[in-house]
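[1] Just need the structure, nothing else, for what follows:
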Amino acid sequence: MKTQYILLLLLCAFEAFDLQSQDKAKISYPYETKEIQLGDSLNIVYADEGKGKDTLIFIHGLGSYLPVWKPNIDTLKAHNRCIALDLPGYGKSSKGGFEYSMSFFAETLHGLMENLKIEKATFVGHSMGGQIAITFALKYPEKVNKLILIAPAGFETFKAEQIQLMESFSTSEQIKNTPNQKIKSNMEVNFYDMPPTAEFMIQDRINMKEESDFSKYTQAVSKSVTGMLEEPVFERLNDIQAPTMIIFGKEDKLIPNKFFNAQLSTSQVAQAGSQKIKNAQLHLIDKAGHLVNFEKAQLVNDFILAFIAQ
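    Below you'll find the model as predicted:
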């Protein structure tokens, strides 16, 4: 029972939701997608919606894919160019023997920008996507206009023995063998009150177990967990140069990790990270969970529009 509890907290703490795409022919995306090739074997699928002087690049979390941003892009594309990608290992992008470190994902973003001839952008990252955005901002500060971090991974820190234990419970096989009833509960824990519009995520996650690339997905998730744990960013947050906005749901059940850091609250984790970043502003949203950008999309969109207008 303890082993199952640790695994549930581990997977949920870093995942926007435990979701993967189905085969390209079967999955339905809310926007037309395009594809670019980076290097010899990495194809990146992305959506490119709207126009405006500001370009927003949306980075999903662990196990997720670009459609999670639909409630945000639908509004923000009216006056901004909105680009949302499937990270390597997820969605319709290439899956395979990639490194899946935070630096690897940051280099993927850099390659995407170069391919699309984007000099500078505002990065919007959720959960693991937030840690990737931070890593990118530290590596390429000249490429970042502003940072928007939504329930970001990387603010919460772990001891060496905790990291070792989490890695031991995030193997590909353990992720692959998640039963359907756990899939449902894992999904629901991402919300304060899961809206009906999010229920498709449960069935998608169940259906994906039958897809041909499921094993490659579970490998990507496992390696991505290791990537987050072994490339921490908390001690480098004060090196961020870009103006930064941070958004958390006050009722986030996944950050902090309730097994390892039960003494902490979401507010404490959020404030600890925001206090280390120069030019940072923090918003804590009532009655919202980890997927705050989906659950409270209108309020999050209002915050984003006000922030990029500053």
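[2] Give me the spatial nearest neighbour of Gln281, chain neighbours excluded.
    Closest residue in space to Gln281, ignoring its immediate chain neighbours: Met245 at 5.2 Å, by C-beta to C-beta, 6 or more residues apart in numbering. C-betas here are computed from N, CA, C, even on glycine.
[3] ok, now Ile183?
    Nearest to Ile183 is Arg205, by C-beta to C-beta, 6+ apart, at 5.0 Å.
[4] is it true that that neighbour touches Met187?
    Yes: Arg205 is within contact range of Met187, at 6.7 Å (criterion: C-beta atoms under 8 Å).
[5] When the two are compared, which one has more neighbours?
    Applying other C-beta atoms under 10 Å to Arg205 and Met187 shows that Met187 carries more neighbours, namely 24 against 20.
[6] Tell me how many other residues surround Phe155.
    So Phe155, with other C-beta under 10 Å, has 27 neighbours.
[7] wait, what's in contact with the closest residue to it other than its chain neighbours?
    Using C-beta to C-beta, 6+ apart and skipping the chain neighbours, the partner closest in space to Phe155 is Gly273 (3.4 Å). Contacts for Gly273 (C-beta atoms under 8 Å, 6 or more residues apart in numbering) come out as Pro152, Gly154, Phe155, Phe234, Leu237, Ile246.
[8] The fifth one and Ser222, how far apart?
    According to C-beta to C-beta, to the nearest Å, Leu237 stands 26 Å off from Ser222.
[9] all helices of this protein, in order?
    Assigned by DSSP state H, the helices in the chain fall at 2-14, 70-76, 102-116, 128-139, 160-168, 172-176, 180-188, 200-207, 214-230, 266-274, 292-295, 297-309.
[10] got a list of what Gly249 touches?
    For Gly249, the contact set (C-beta under 8 Å, 6+ apart) comprises 151, 192, 266, 284-285, 287-292, 295-296.
[11] whoops, Cys82 was the one
    Ala47, Asp48, Glu49, Gly50, Leu56, Phe58, Trp69, Asn72, Ile73, Leu76.
[12] Low-confidence ranges, the protein, go.
    1-27, 201-202, 204, 208 (pLDDT under 70).
[13] Spell out which residues sit in contact with the closest residue to Val233 other than its chain neighbours, please.
    Counting by C-beta to C-beta, 6+ apart, Val233 lies nearest to Gly154, which is 4.3 Å off, once chain neighbours are set aside. Residues near Gly154 by C-beta under 8 Å, 6+ apart: Gly130, Gln131, Ile134, Met228, Pro232, Val233, Phe234, Gly273.
[14] Please name the nearest non-neighbouring residue to the first one.
    Using C-beta to C-beta, 6+ apart and skipping the chain neighbours, the partner closest in space to Gly130 is Pro152 (2.5 Å).
[15] Dihedrals phi and psi, the one you found?
    When read as degrees, to the nearest 10, the backbone of Pro152 gives phi -70, psi 140.
[16] didn't it look like it was pressed against Phe123?
    No: contact criterion C-beta under 8 Å: Pro152 and Phe123 do not qualify, at 11.0 Å.
[17] biggest separation within the contacts of Gly154, which pair?
    By the measure C-beta to C-beta, Met228 and Gly273 form the most distant pair in the contacts of Gly154, at 14.4 Å.
[18] and the residue nearest to Gln281, bridged to which residues?
    Beta-bridge pairing of Met245 under DSSP bridges involves Ile148, Gln281.
[19] And it, how close does it get to Asn177?
    Met245 is 38 Å from Asn177, where distance means C-beta to C-beta.
[20] do the same with Met166
    Computed with C-beta to C-beta, the distance linking Met166 and Asn177 is 17 Å.
[21] what about those two, which has more around it?
    Under the neighbour definition other C-beta under 10 Å, Met166 and Asn177 were set side by side, and Met166 has more, 24 against 11.
[22] The more buried one against Phe158, yeah?
    Yes: because the distance of 7.1 Å satisfies C-beta under 8 Å, Met166 is recorded as touching Phe158.
[23] which neighbours do those two share?
    With contacts taken as C-beta under 8 Å, 6+ apart, the residues that reach both Met166 and Phe158 are Leu229, Phe260.
[24] residue contacts, the spatially closest residue to Ala242 that is not a sequence neighbour?
    Leaving aside its chain neighbours, Ala242 sits nearest to Val144 (4.4 Å; criterion: C-beta to C-beta, 6+ apart). Neighbouring residues of Val144 by C-beta under 8 Å, 6+ apart: Lys120, Ala121, Thr122, Phe123, Phe136, Ala137, Gln241, Ala242.
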